[in-house]
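Trainee: whatever this is, show me its structure:
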Amino acid sequence: MAPEFRPDRILEVLDRHGVHFVLIGGLAATAHGSPMITGDVDIAPSRDRTNLERLSAALKELRGNIRVAEAPEGMPFEHDAESLAGFEILNLVTDAGDLDVAFLPAGTWGYEDLLKGAVRMTLLGIPIEVASLADVVRSKEAAGRLKDLAALPVLRRLLEAEQEGEG
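Mentor: Numbering: from 1, shown residues only. Okay, the predicted model is just below:
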């Protein structure tokens, strides 16, 4: 049985371990006002070694396993900073729900690129860097998956409203 989705727990553990990341994907879109529901947390973490050590510790606490269709609890994998550095994306199931770790999200150059436009927000009681709405749209356009394409009309309207409000 899949664990209950607890994005607050995932974000709290990442924060407590001092992981530097930018929130991306559906939860970032929700933080910007999207009414669409998401069932996972997507992050783009910094690749520096100290941060990868912190991320590894957080994933161990969350009992992060590789997400596979055949096993709702996922497949265990051993990791440390060095092994995490070799991944581009990790789709994980944790004891608090699904967590996707994308070092190079579609349409971006990763953490440093996303951090430039990120907005500091308190989400679910945790202060975090959230990708700008423009970067969320850019990434979803580049990913081109059906679920991303379906979300784009709403996100583009939100982005237009945000840009009009700035003008």
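Trainee: which SSE is immediately downstream of the helix or strand bottoming out on mean pLDDT in the chain?
Mentor: In the chain, no helix or strand scores lower on mean pLDDT, DSSP states H and E than strand 71-75, which sits at a mean of 88. The helix or strand immediately downstream of strand 71-75 is helix 81-84, counting by DSSP states H and E.
Trainee: quickly find the element holding the residue most central in space within the chain.
Mentor: Closest residue to the average C-alpha location of the chain: Asp42 at 1.8 Å, with Cα atoms, centre = their mean. Per DSSP H and E: Asp42 is located in strand 40-45.
Trainee: circling back: per-residue pLDDT, the residue nearest to the centre of the chain?
Mentor: Looking at Asp42, its pLDDT stands at 98.
Trainee: the nearest residue to it once chain neighbours are set aside: what's it in contact with?
Mentor: Nearest residue to Asp42, sequence neighbours excluded (Cβ to Cβ, 6 or more residues apart in numbering): Gly25, at 3.0 Å. Quick note: C-beta positions are derived from backbone N, CA and C, even for glycine. Residues in contact with Gly25 (Cβ atoms under 8 Å, 6 or more residues apart in numbering) are 38, 40-42, 100, 136, 139.
Trainee: how does it look with 7 Å?
Mentor: 38, 42, 100 (Cβ atoms under 7 Å, 6 or more residues apart in numbering).
Trainee: same question, Leu133
Mentor: Per Cβ under 7 Å, 6+ apart, neighbours of Leu133: 32, 155, 158-159, 162.
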